[in-house]
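[1] can you look at this prediction? I've put the sequence above it.
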Amino acid sequence: MSIHIAVVGSSSFIHHIQKGSSLFDVRIEGFPYDDPRETKDIATQLLFFDGVFFSGSFPYTYATEEATLPFSHHVVQDDVVLLTSLLYVTLTEQLRTEELSIDLVDASRLESILASFPSHMSPPQVKELSPYMNYEELIAFHEQHQRNGTTRFALTSVERVHRHLVGNGFFSQLMIEPKDRILHHFHDFIRQIRLNKSDQSQFAVLLYSDASKDTLNHVRKHHCFGGRLIETAQDGIVLLSNKGKVESAMSNGFILSEDTPGHVGIGYGSDYQRAFEHADLALHTTSSATIRIVDDSKRMTFTEQPAPIHFRVTQTRVYDMMKQTGMSPANIEKLIHFSTDHLDFTAKELTDHLNVTRRTTERIIKKMADAKLVHRIGEEMSYSQGRPRTVYKFQFPVD
C-alpha cells in the first residue's frame with residue numbers, strides 16, 4: 001500500500017522528517033515556508049495527498065481555513081517541549097526564569113509547570129500566541145523587554161521571530177521539540193493513514209429495492225458511485241464499489257434522490273461475498289429508513305439514526321440481557337439507546353421510540369420485568385379521563 005504524504009513546515013523540519021523516515025512505501029513531499037501564513041497559498045496543493053503533516057497548529061489553522069484537506073495532523077506544543085526548552089535555556093545560559101520572555105500557544109501549561117515545582121520561582125514575561133497575531137508585535141514584545149533590562153533572553157515558538165531577533169543582535173532560542181518525538185508523531189500518523197486507507201478500500205455492495213428506469217438512470221448518472229453495475233433484475237439493482245467512494249457519495253446526498261423510489265441496503269466487508277451478505281441484511285431489515293448500512297462488524301446504522309444496532313454480540317452486557325430476556329440483540333440495543341435519554345419512562349414513550357404496537361411494548365416490559373431489568377417506580381396522572389400510566393425505571397447491568 002503506497003502512501004503519499006505532504007509535510008508542511010520549515011526547511012529544517014521537513015529535512016528531519018525526510019531523513020528520519022525511511023519507510024519504503026511512503027513518499028514524502030515537502031512544502032517549506034518562512035511565514036506560517038504562507039500555508040494559505042500552499043493549501044490548494046495539498047488536496048490530493050493521502051495525508052498532510054504540519055509542523056504546528058498555526059500553519060494547520062491557516063491551511064484548513066483555505067481548503068478542505070485530506071487526513072491531517074499537526075504537532076502540538078506540549079509539556080515536554082516546554083520543559084525541555086526551559087531546562088536547556090536556564091542551564092546553558094545560566095538564567096533564572098524571571099530573566100526570560102516567552103511566547104507560547106497555551107500559557108496555562110507554563111503556569112501549571114511552575115506551580116508544580118516545590119520551591120517558589122518567579123514567572124517569566126509571557127505572551128500567549130494566536131493564529132491571527134501580528135508577528136511584528138511579537139518581535140517587539142521580546143525586543144522591548146531585553147532593551148529595558150527586564151529580561152536577558154527570549155524563548156520563542158516561532159522560527160521567523162527567532163531568526164529576526166538573532167539577526168538584530170538579541171538573545172533568542174527556538175522552542176525545542178525533541179527530534180525522536182517528532183518522528184514518533186509522524187510514524188503514528190502513518191499508522192493511522194494505513195488503517196484509514198485499509199478501511200476505506202473495503203468492498204461495498206449496494207442493493208436497491210427498486211429496479212425502475214428512474215433508479216437505474218440515477219445510479220448511472222453518478223457513475224455507479226465509482227464502482228460498477230453487477231446485476232439488474234425485477235426485484236432490484238446490485239452495485240459493487242468500495243467504502244470510501246460510497247461514503248463520499250452518501251455525504252453528498254447522491255445515494256438516493258428525493259425522486260428515487262424504494263430504499264437501499266449498503267453492506268461493507270473484506271470480500272465481495274461478506275459485503276453482499278451485509279447489504280442483504282440491511283435491505284431486508286424492518287425499518288422506515290431509506291438508507292440502511294451494515295458494516296464489517298455487523299453493526300447497522302441508518303442515515304437518520306447514527307447510533308448503531310449490533311447484529312453480532314460482543315458486549316457482555318448485551319449478551320447477558322439476551323440470555324435473560326430471550327430478546328434479539330437489535331431490540332436490546334434499541335432499549336439501551338433509549339435508556340441513555342430516559343431515566344424513567346411510560347409504556348407509551350417506549351412504544352413511540354420503538355415504533356411498535358402497544359401490545360408488543362407490554363410484552364417487552366414484561367420480559368424485562370421478569371428478568372429484573374426494569375421495575376415500577378410510580379404512576380403518571382393523565383390529563384384526560386382514564387387510568388394513570390405506570391412509570392418504569394431501567395436497571396441495566398454496567399459493562
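    Alright, I've got the coordinates. Residues are numbered from 1 along each chain as shown.
[2] now the phi/psi pair for residue 302, please.
    Main-chain dihedrals, residue 302, degrees, to the nearest 10: phi -120, psi 150.
[3] any idea how many residues pack against it?
    Neighbour count for residue 302, taken as other CB atoms under 10 Å: 18. For the C-beta atoms, the positions are set from N, CA and C on the backbone; glycine is no exception.
[4] quick one: it and residue 286 touch, right?
    No: counting by CB atoms under 8 Å, residue 302 sits too far from residue 286 to count as a contact (11.8 Å).
[5] point out where this structure drops to low pLDDT.
    Scanning the chain for pLDDT under 70 picks out the ranges 1, 304-319, 329-330, 381-386, 397-399.
[6] after whichever strand or helix holds residue 65, next one along is what?
    Element membership of residue 65, judged by DSSP states H and E, is helix 57-66. For helix 57-66, the following helix or strand on the C-terminal side (DSSP H and E) is strand 72-74.
[7] isn't residue 80 up against residue 178?
    Yes: Residue 80 sits in contact with residue 178 when judged by CB under 8 Å, with a separation of 6.7 Å.
[8] which other residues reach the helix holding residue 65?
    Applying CB atoms under 8 Å, 6 or more residues apart in numbering, the set of residues contacting helix 57-66 from outside is 8-9, 33, 36-37, 39-44, 46, 52, 54, 69, 72, 74, 76-77, 105, 129, 131.
[9] quick check: residue 130 vs residue 105, distance?
    Residue 130 sits 9 Å away from residue 105, going by CB to CB, to the nearest Å.
[10] neighbour count: these two, which is higher?
    Shown here are residue 130 and residue 105; by other CB under 10 Å, residue 105 has more neighbours (18 against 8).
[11] residues contacting that one?
    When contacts are counted by CB under 8 Å, 6+ apart, residue 105 touches 57, 77, 128, 129, 157.
[12] ramachandran coordinates for the third one?
    The one in question is residue 128. Torsion angles, degrees, to the nearest 10, at residue 128: phi -90, psi 140.
[13] that one bridge partners, please.
    In this entry, residue 128 is beta-bridged to residue 104, by DSSP bridges.
[14] that one is in contact with residue 106, isn't it?
    Yes: counting by CB under 8 Å, residue 128 touches residue 106, with 7.3 Å between them.
[15] the more surrounded of the two?
    residue 106 (16 against 13).
[16] could I get the full set of helices for the stretch 201-350 of the chain?
    With DSSP state H, counting those that start in this stretch as the criterion, the stretch 201-350 of the chain has helices at 213-221, 243-251, 272-283, 316-325, 329-339, 347-354.
[17] what's in contact with the helix or strand that the last one is followed by?
    When you say that, I think you mean helix 347-354. As assigned by DSSP H and E, the chain's next helix or strand after helix 347-354 is helix 358-370. The contact list for helix 358-370 (CB under 8 Å, 6+ apart) reads 325-327, 331, 335, 347-348, 350-351, 354, 374-375, 392.
[18] out of those, which are buried?
    325, 327, 331, 335, 347, 350, 351, 374, 392 (16 or more other CB atoms under 10 Å).
[19] from these, which is closest to residue 235?
    Using CB to CB, residue 331 comes nearest to residue 235 of the buried ones among the contacts of helix 358-370, at 27.7 Å.
[20] got a list of what that closest one touches?
    Residues near residue 331 by CB under 8 Å, 6+ apart: 354, 364.
[21] measure it to residue 355 for me?
    Taking CB to CB, one finds residue 331 at 12 Å from residue 355.
[22] the residue nearest to residue 33 when sequence neighbours are not counted: what secondary structure?
    Once flanking residues are discounted, residue 33 sits nearest to residue 39: 6.1 Å by CB to CB, 6 or more residues apart in numbering. Three-state assignment for residue 39 (DSSP: H, G, I helix; E, B strand; the rest coil): helix.
[23] quick one, what contacts residue 39?
    Contacts of residue 39 (CB under 8 Å, 6+ apart): 8, 31, 33, 54, 59, 60, 62, 63, 66.
[24] the domain parsing of this structure - what is it?
    Per the record's domain assignment (automatic domain parsing), the chain is made up of the domains 3-75+180-197, 79-176, 201-307, 316-394.
[25] returning to what we had before: could I get the contacts of residue 39 as CSV with neighbour count and distance to residue 111?
    What follows is the contacts of residue 39, written out as CSV (neighbours: other CB atoms under 10 Å; distance: CB to CB, whole Å):
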residue, neighbour count, distance to residue 111
8, 30, 30
31, 20, 34
33, 22, 31
54, 26, 26
59, 27, 26
60, 23, 25
62, 23, 27
63, 27, 30
66, 14, 33
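[26] Throw those residues into JSON lines and include distance to residue 21, thanks.
    Listed next are the contacts of residue 39 as JSON lines, based on distance: CB to CB, whole Å:
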{"residue": "8", "distance to residue 21": "15"}
{"residue": "31", "distance to residue 21": "16"}
{"residue": "33", "distance to residue 21": "20"}
{"residue": "54", "distance to residue 21": "16"}
{"residue": "59", "distance to residue 21": "19"}
{"residue": "60", "distance to residue 21": "19"}
{"residue": "62", "distance to residue 21": "24"}
{"residue": "63", "distance to residue 21": "21"}
{"residue": "66", "distance to residue 21": "27"}
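[27] wait, residue 102 sits on residue 123?
    No: contact criterion CB under 8 Å: residue 102 and residue 123 do not qualify, at 9.2 Å.
[28] and those two? Which one has more around it.
    residue 102 (26 against 14).
[29] doesn't that one belong to a helix?
    No: counting by three-state DSSP, residue 102 falls outside a helix, being strand.
[30] report the contact partners of it.
    110, 124, 125, 126, 127, 154, 155, 156.
[31] between all of these, which two are separated the most?
    Farthest pair in the contacts of residue 102 (CB to CB) is 110 and 154. Separation: 14.5 Å.
[32] those two: who's more crowded?
    residue 154 (28 against 20).
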